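1. Let's see this in three dimensions:
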Amino acid sequence: MRFLRPAALLVIAMLISHRAAASGDSLVYSFSFGDTTKYDKTLTADIDLATSPGSVQLASGETKNLAVGSRMRAVYTGSFPMTGGNEPKPDTTKMNAEKLHDNNYYTYVDFTTPTNVGASVKIDLQVIRKVNRIVVFGLGNIPQSFGLRPQAFSYYAGLDSNRQSRIFQEFNNIDSARHTAFISDAQPVRYLTFVIDKLDPKNSTVLSEFQIFGEGFVTEGNYVSKIDSTGTAKSNFAFVHLNADIPEGTTVGVEMRTGYTNVFDSARWSAWSAPVTFSSAAAAAAGGKLFVPEPRRYFQYRLRLYTGNLATPKVSSMKIVYQTSLVADSTSAVVSPQEVPVLSPVTLTYSIDAAFSGTSLGIDTVTIYTPSPSVVQAVRVAGAAVPYTFFPSPDRMTVAFPTAVTTTGRIDIVFATKLITGGDFPSEMVSRSAPWNPQSIDPVKNSYGTSWSIFTTGVPENPLVDVRVDPNPFTPNNDGRNDATVIDFSVANLVKAKPLSIRVFDLTGRKVRTVIETISGVNPFFGDPRTGGKGFLWDGRSDDGTVVRPGVYILQVALDSDNGGYVVSKPVVVAY
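-> Got it, this is the predicted structure:
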């Protein structure tokens, strides 16, 4: 391995903002949304093009059921519905309030009589709306459920789940199929609570569904363009810029997919890219980097508008910056093997097949994005070992060549890693002639999905893996050397995210510092956070900000996992 100044300069150039780096050979695709003939009507949904001519905005949400997409839970003040049999127990199938917005009138929540006066259904709409109509349905949405109807009840609402005011009260409901509450003075709310004020003395109160309506816009809408092209030449897409009004609490995301044909064909087109999301007009005007399979001639874009309040974003025009000068005429990438044991050191080979022509710019740098920290061990071009510069990072590997690769053939990058879960290894390549515009490398579709996907086998017993504290000892004396210690580990084998904490105790068991309290799913926490890593830092200070005394401390990583709690403790020495 050789460390070369030109390669280092190229990597630094890659980090420079594109606002200052676009070159003279860049081209621009521009579109104004005043042209209403260029969108795909079958794929576009919940978008309004008429209210503000020349702009895309969200459609009115007054006919949208806000219960869809909300979260609901039942709160009992008395006895639970019970299962039958010799050993009855609470019947959780009759207590799951998420069934109250599944569009099925025969799934239900059962509030048993007579002890559940004051029981409730708490609803988080996930968005802010002026709720003006609420419909609650009885079992089956049929008159025969009269004895099971909610007889008397109230609705409370507010912007805070713990501070709600009553917005409606029904003293004597005589409708067994459904009851509609009209809210006369609708105010912006996010949280609703349905409270049972009276129970039938003989029958349970059974609810099957809620429908909630309000003033404002739909929460999300998609504008999808018709398929377009950059002309006759394949292109390398760079950035997208929007002219948009994006109020606080709203966002606009831009997704793209690219293809080889002027008609969509899943075998010849990519999937939708990850969104480039903007939360302000200034950010949208500045633009964002597109990461799509390329080079391609044909493309399609999708705007994803979102609001969490009463406002809507509006987009009037967009620009896509691209190049027809290509790093390579075509590329494909394969990683092997594609199945590896979980949390075991493995050596993988990332193979890139690249084709060049006389107009190709050539490959000076390759970056591979990795789900876990990885280290390059060797690089081969056309089967022969070559010098290279490796720039490590917790979530990527960057390899720079002393001279550009311009000959058609294979590039093999051999690297070592340890995976806590499977994942993708997407990659891109850069020419020093156009460092502002990396070109994505194509995967090959195969039985694993794509050729850069890796799957892990086996299950780790402990979800806290490879807990390390380094340096240890460390000296928090502000001399610029070993002033803090980095805590590295992986969280594995979780079905869903769980509470995670890191705390420091002295030898008497007294807690001196809470380093972090968060919620985590499967995640590799590696690397110094001061240089872009995902690990955690303890600076030798207590919770009150003072430096602790020299001595031995116990650092404890704790996880509330699916199978119970797990704790890993490590001694750490503070010295001066």
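2. quick one: low-confidence ranges for the stretch 51-200 of the chain?
-> Scanning the stretch 51-200 of the chain for pLDDT under 70 picks out no residues.
3. Check the chain too.
-> 1-24, 459-461, 561-564.
4. quick check: longest strand of it.
-> For the chain, the strand that runs over the most residues, judged by DSSP state E, is strand 120-137.
5. Pairing partners for that strand, with directions?
-> Strand 120-137 sits in its sheet next to strand 71-75 (antiparallel), strand 178-182 (antiparallel), strand 188-198 (antiparallel), strand 209-215 (antiparallel), going by DSSP bridges.
6. Which stretches in the stretch 151-300 of the chain count as strands?
-> Listed in chain order, the strands of the stretch 151-300 of the chain (DSSP state E, counting those that start in this stretch) span 152-160, 163-170, 178-182, 188-198, 205-207, 209-215, 220-224, 228-229, 236-245, 250-259, 276-278, 288-289, 298-307.
7. Report the central residue of this protein.
-> When Cα atoms, centre = their mean is applied to the chain, the residue found nearest the centroid is A274 (9.4 Å).
8. Okay, that residue and V254: tell me how far apart.
-> 10 Å (Cβ to Cβ, to the nearest Å). Any C-beta I mention is one placed from the backbone N, CA and C, and that applies to glycine too.
9. got the contact list for K94?
-> Applying Cβ atoms under 8 Å, 6 or more residues apart in numbering, we find K94 in contact with P81, Y108, V109, D110.
10. for T347, same thing?
-> Counting by Cβ under 8 Å, 6+ apart, T347 touches Q377, V414, F415, A416.
11. so what's it bridging to?
-> A416.
12. What is the burial count for F33?
-> 24 (other Cβ atoms under 10 Å).
13. just V240 next, same as before
-> 22.
14. wait, R302 sits on E255?
-> Yes: using Cβ atoms under 8 Å, R302 is in contact with E255, at 4.5 Å.
15. Now for those two: what residues contact both?
-> W272.
16. about what we covered before: now tabulate the strands paired with strand 120-137 in TSV and tack on distance to R297 and mean neighbour count.
-> As requested, those are exported to TSV (distance: least, Cβ to Cβ, whole Å; neighbours: other Cβ atoms under 10 Å):
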stretch	distance to R297	mean neighbour count
strand 71-75	44	17
strand 178-182	54	15
strand 188-198	46	20
strand 209-215	45	21
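17. Rebuild the ones you listed as JSON lines, extending it with distance to P402.
-> Compiled in JSON lines, these are given as follows (distance: least, Cβ to Cβ, whole Å):
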{"stretch": "strand 71-75", "distance to P402": "56"}
{"stretch": "strand 178-182", "distance to P402": "73"}
{"stretch": "strand 188-198", "distance to P402": "58"}
{"stretch": "strand 209-215", "distance to P402": "63"}
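18. Now H101. Its backbone dihedrals?
-> Torsion angles at H101 (phi, psi; degrees, to the nearest 10) stand at phi -140, psi 40.
19. Need the max-distance pair from the contacts of K94.
-> For those, the maximum inter-member distance is 10.0 Å, found between P81 and Y108 (Cβ to Cβ).
20. Between the two, which is the more surrounded one?
-> Remark: of P81 and Y108, Y108 carries more neighbours, 23 against 20, as counted by other Cβ under 10 Å.
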